[in-house]
Every structure is written in C-alpha cells, then in structure tokens.
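K.L.:
What follows is a protein structure lacking sequence information:
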C-alpha cells in the first residue's frame, strides 16, 4: 500500500494557478495570469519557451491579462480591488504605468474580444445603469469609444459578427428557458432569433467568419446541449453536432478550425478539426484529464490550451498547426510536490433517498484501509447549478494529504447531467438537494476504510448554505461543519445581489423563491432562523468585501450560535470577497480548516508545526474573529 507523505501547507502553496492566454500580434510571445507572486499578476513568455517575465507587480489588487494592443507593446488588463468584483479595464503601458479605461467607484466592465483585424476591441460597462451593460467598441490606438448597443433590458452578451454588423444577445437568464435576440447595427433593429415551447435554452456561441451563420447551443429537443447554426438571411437552422453529453463550439480566426468541446465524465474534452477539409487535428492524449481555456493566435497558426487533472493544476500547452508540434510551456505544480503524493479521484455513484443515482468524485488517502480507518468529509460544490470536476482542487488535495477522505457529490441540480437532472432542484432547496448531501455522508460511512463516527461536511457559497442546512435540519448526521461564505438568510441574500445580476434573479427565484411572495418559505429554509438546532462544531470563513453573500450573513449566524454557547470559530479576511485569492489568506484559511478538523473531527491536537499558530483562536470566544 502506498504510504502518505504528509506535506506542509507551504509546499502546497508553492503550486501556482495559471490562466488566460493572449498571443502577441507577431505570435512570438504569449501573456497569461498567475498567482506565483502571491496575488494574480500578468506574465509574458516566448512561445518558443524560456523564462517568464513578470509584467505587473501588484501585492494587493489582482491583475488579469486580457489582450495585446495592435502595437504589440501595450496590454489590456483587468483589475479589481479587494474582492468587490468591480472589474475595470486598464491599459498597461510598456513602462508599467496603468490607464483606467472604465473609471468609477461602482462601475463593472467586461471584455468581449478583439475585432478581426486586431485594431479595436469590444467591451461593456454598467456606468449608465448599474443593472445593464452597454456595449462599446474601443479604438486600440486612440482609445476612443463608440457606443454600439444601449441595453435597457438586462441582456446577456453572446457574440459579435466579424463585420461588426450583428450582436447576438441572450434574454434574461433562466436555466430552463432562454432565447437569442439579434441586434442589427446597420438597421438598429432588435429581433428575436429563436423561439420554442416548453423548457429549452438557446445560447449564442459564435458567428462564422463570413457573418453568414450564427452558431448556438440548445437543449430544446433533448436532455443535453447540442450545437446548431442558423443562416441569418433565411432563418434556416441545421444541426452541427449532437452527443450524449453537453457540447460547445468555437471557430478560429479566418474560419479555419472548429473546436468542439464535450462535457463528459467530469472533464472537458476537445476535438479540433479543419472546417474546409473536415480533417481532425491530432492533439496529445491526456487520459483522465481535461482540456479547457483554449485561445488562438490571430492567424490561427497557434492554439494555446490548459490541461487539468486531479494532480495537474493547469499546465499551459501550445500547439503549432503548421509544424503539428505540441509543447508544454508552463507547469503549475511546484517541484516540491511529488505527483505520487497526490490522489486521483474516482467516479462513484450512490442512490439517494428516492432512488435517484448521484454521481460523485471520491478521494481516498493513500494509507486508508480497513485496519486504518480515516475521518471523512462531504465536500459540497457551489451553485446553484455548479459541478465538481476532475480538476486539481488544492483544498481537497491538502485535506486528503492530511489524512481525510473526501466525497464530492454532484447533487440534483448540478450541471453536466442533462436539463432534466438540472431542473430537479427547482423550488426544493434545503429539501431534495440537501437530502442528496445527507445520503453522501451515509454512503461514506458504509466504506470499510472510513471511520463512520468521524464524517463532516463542508462547502463554499451555495455549498456553504447546504453545509449550514445540514447542521441545522439534520443536526446529528455530521460530526462537524465548515462553511465558507454561505448564505444564511435567503430573503436578504436575494435582495442584496449586485444590481447587474438582475438577469439572473428570475432563475434564483424559480429555484429558491421570490422575496416578494415567498418570504415565509425563504425564512423556513434559511439556517439563520433555526440556528438553535446547530449542536456540532462549526468553522465559518468569510470575505469582508463579498458582494454576493454579505458579511452580515456570517456575522449573524456566528452570534446566534455563540448566544447558546455553541462551538463556532470565525475567520474574516478584510481584503477578500467571494472566495480567497491571495496566497497568504489561503495559507491561513487552510491552516484553520485542518486545525479545526484535527481538534473536532479527528480528535487530536493540530500538527506540531501549526499548534502555536492555531491555539491563539481555539477557544470559541470572540477572539476567533480574525482580521487580516
């Protein structure tokens, strides 16, 4: 049996997260974003390989690479402050200076890509109306803005045709019903392009190079999304690709290549082919791993993409279509970690309370056995509508390395399993999805290598809500709970969403309830109003600037538990929002999580290297409110 080499949190934090990728106009370099410095910054690397050059040196705000400007010297980047999610678009000058293109305290900006010739780019801001995003074209040389579309309805942006005439938009979002609208910039007309009866969604993907067709995905007449295209002149539709899983499409510059993405077995798989000949382009095989985050160079000669798996946080690869050579450009896993010390998940299924099969991912510590039973955690993904995939999860890998088994159920309502499964949670939260999570804990307890008396539950965001609900409405099922910024009062949460989430509220109301009409039901499912039932130890972690789940949500449930002398530890990060992005904060959070589990689930003191760090806040008193 493989032995478990226990790694420190500092070793885990040596791994960097790498994302994005934009090729220079001359296709000799690529810029990307990584948190190697502790926060996200922009780096540049030669396509041929070599050392990466750090272009931004922020120690506070995260900075994300978006695109080169036509001159190949300036960069377009995105920045946000303290987790507020008010992203601005900035010009990064060659000397390191920043120019804010979308100023304003409450302004949020979104980047929608370059024009086909690379001389301008498309974006949207909510500066006129915080609820809606107006679409602009910005000249790459003069930085002058041209208003293309004024949004009074809260549409979702889809794509823009190469000639700039057509903008595809989505109606206000629901997960079971949506249509595509087409704006004609020449005539100024906005028309509905798709229609259907019953449940079904249409989402715009891309226009063809000649602006003749719009490609889109729909689940109108099936359980999974398939790809169709519509001829704009005649309105005729035809099927492009259909499979027994969700499918997506992207088309390269100049209309040369087609990329079909399939969401299968908790991984994204891609298939690249030449549109003219139909020839499939051979890429290396990555068994058990997924490919995502791909981008083309302007000539479509180069393709950048990320390979992700349980033991691979996301390595950046470059494929050269002319030489047919694929090379790895950036490795993300720190050399201090032996991949053999990490654990590959395996797909398992269990039957829930009503016989529904719930597919899950299970991580088993190397030294777990029937004679060495280990404590375990049910790990609940966010949402509603998320999915746990076979990708590197630093939290899970750290917990497993510390000797905790982890089961991540894709409970009813999760994405990737068809629209029928996706809709099973409508109006049933803190009911059927919660019971799926309860059954996940019971499934863990049946495994002969798990200590059935030491099963806990944890989750972030919506997963944090389900964690709190489990401790509240099934108080004896789990030994402990860990809540990361989970809603506790749905009435307030739904009323306090950021204004630009207006298009998402219809979906939330359908799944959870409308605060204007369903207040009693929302109160019934909100853990805050039933906190007296929580009797097991709880750890709560929260970002002070969270715009989605306000800090008061966590404050109040902590106060409620302390009033009845319950065991609750509380950590607040002053410089974070909905999730913790800074490495120093992640280190602190992981140490608190493992220290809490060692005390209350495993039943031993924290590791020696962590004891002095943790003991100062282990009393359950007000000192647990840690400001960073």
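P.N.:
It's in. What you see is a predicted model; the values in this text were computed from it and never measured.

K.L.:
Which stretches in the chain count as helices?
P.N.:
Counting by DSSP state H, the segments of the chain that form helices are 9-13, 394-401, 419-422, 432-446, 462-473, 490-495, 502-511, 519-525, 551-563, 583-597, 608-615.

K.L.:
per-residue confidence for residue 519?
P.N.:
Reading off the per-residue confidence, residue 519 sits at a pLDDT of 88.

K.L.:
That one: what's its closest spatial neighbour, skipping adjacent residues?
P.N.:
Spatially, and ignoring its direct neighbours in sequence, residue 519 is nearest to residue 491 (5.9 Å; CB to CB, 6 or more residues apart in numbering). C-beta here means a position set from N, CA and C on the backbone, and glycine is covered the same way.

K.L.:
One more: residue 490?
P.N.:
For residue 490, ignoring the flanking residues on the chain, the nearest one in space by CB to CB, 6+ apart is residue 522 at 4.3 Å.

K.L.:
give me every residue that touches the one you found.
P.N.:
Applying CB atoms under 8 Å, 6 or more residues apart in numbering to residue 522 gives the contacts 490, 491, 494, 512, 513, 515.

K.L.:
Kindly recompute the last result at 6 Å.
P.N.:
Counting by CB atoms under 6 Å, 6 or more residues apart in numbering, residue 522 makes contact with 490, 491, 513.

K.L.:
Most neighbours of all these, which one?
P.N.:
Neighbour counts for the contacts of residue 522 were taken using other CB atoms under 10 Å; the highest belongs to residue 490, which has 26 neighbours.

K.L.:
For that one, list the residues it contacts.
P.N.:
Here residue 490 is in contact with 512, 522, 526 (criterion: CB under 6 Å, 6+ apart).

K.L.:
The same query, at a cut-off of 8 Å, please.
P.N.:
512, 513, 515, 522, 525, 526.

K.L.:
number of nearby residues for the third one?
P.N.:
By other CB under 10 Å, 17 other residues sit near residue 515.

K.L.:
same check, this time on residue 471
P.N.:
Using other CB under 10 Å, residue 471 has 28 other residues around it.

K.L.:
Roughly how far does the residue nearest to residue 519 sit from residue 500?
P.N.:
Residue 491 sits 21 Å away from residue 500, taking CB to CB, to the nearest Å as the criterion.

K.L.:
same question, residue 227
P.N.:
Distance, residue 227 to residue 500, using CB to CB: 28 Å.

K.L.:
neighbours around the nearest residue to residue 15 once chain neighbours are set aside, how many?
P.N.:
Counting by CB to CB, 6+ apart, the nearest residue to residue 15 once its immediate chain neighbours are dropped is residue 334, at 4.7 Å. Counted with other CB under 10 Å, the burial measure for residue 334 works out to 16 neighbours.

K.L.:
Local confidence estimate at residue 334?
P.N.:
Among the per-residue scores, residue 334 shows a pLDDT of 93.

K.L.:
who's in contact with it?
P.N.:
Listed by CB under 8 Å, 6+ apart, the contact set of residue 334 reads 11, 12, 14, 15, 16.

K.L.:
you'd agree the residue nearest to residue 519 is up against residue 517?
P.N.:
No. With contact defined as CB atoms under 8 Å, residue 491 and residue 517 do not form a contacting pair (11.5 Å).

K.L.:
Which parts of the stretch 351-500 of the chain are strands?
P.N.:
Taking DSSP state E, counting those that start in this stretch, the strands of the stretch 351-500 of the chain run over residues 357-363, 374-380, 405-409, 450-460, 481-484.

K.L.:
Which of the helices and strands in this structure ranks last by mean pLDDT?
P.N.:
Taking mean pLDDT, DSSP states H and E as the measure, helix 608-615 is the helix or strand of the chain with the lowest mean score, a mean of 33.

K.L.:
and stretch 144-156, how far out from the chain's middle?
P.N.:
If you compare the mean C-alpha spot of stretch 144-156 with that of the full chain, they lie 26 Å apart, counting by CA atoms, centre = their mean, to the nearest Å.

K.L.:
One more: stretch 113-128?
P.N.:
Chain-centre distance of stretch 113-128: 24 Å, with CA atoms, centre = their mean.

K.L.:
Show me which positions of it end up buried.
P.N.:
The neighbour-count check on stretch 113-128 (16 or more other CB atoms under 10 Å) flags 114, 115, 116, 118, 120, 121, 122, 123, 124, 125, 126 as buried.

K.L.:
out of the residues you listed, who's nearest residue 507?
P.N.:
For the buried residues of stretch 113-128, the closest approach to residue 507 (CB to CB) belongs to residue 126, at 19.3 Å.

K.L.:
give the contact list for that closest one.
P.N.:
For residue 126, the contacting residues are 107, 108, 132, 133, 134, 499, 500, taking CB under 8 Å, 6+ apart as the criterion.

K.L.:
CSV for these, including neighbour count?
P.N.:
Compiled in CSV, those are given as follows (neighbours: other CB atoms under 10 Å):
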residue, neighbour count
107, 17
108, 22
132, 19
133, 25
134, 18
499, 13
500, 22
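
K.L.:
Report the two of those residues separated the most.
P.N.:
134 and 499 (14.1 Å).

K.L.:
How about residue 133, nearest residue that isn't a chain neighbour?
P.N.:
residue 124 (3.8 Å).

K.L.:
hey, what's the one you found bridged with?
P.N.:
Beta-bridge pairing for residue 124 (DSSP bridges): residue 110, residue 135.

K.L.:
Does it touch residue 109 like I think?
P.N.:
Yes. Between residue 124 and residue 109 a contact is recorded at 7.0 Å, counting by CB under 8 Å.

K.L.:
Look up how far residue 374 lies from the residue nearest to residue 28 when sequence neighbours are not counted.
P.N.:
Nearest-residue entry for residue 28: residue 47, 5.9 Å, with adjacent residues in sequence omitted and distances by CB to CB, 6+ apart. With the distance defined as CB to CB, residue 47 ends up 45 Å from residue 374.
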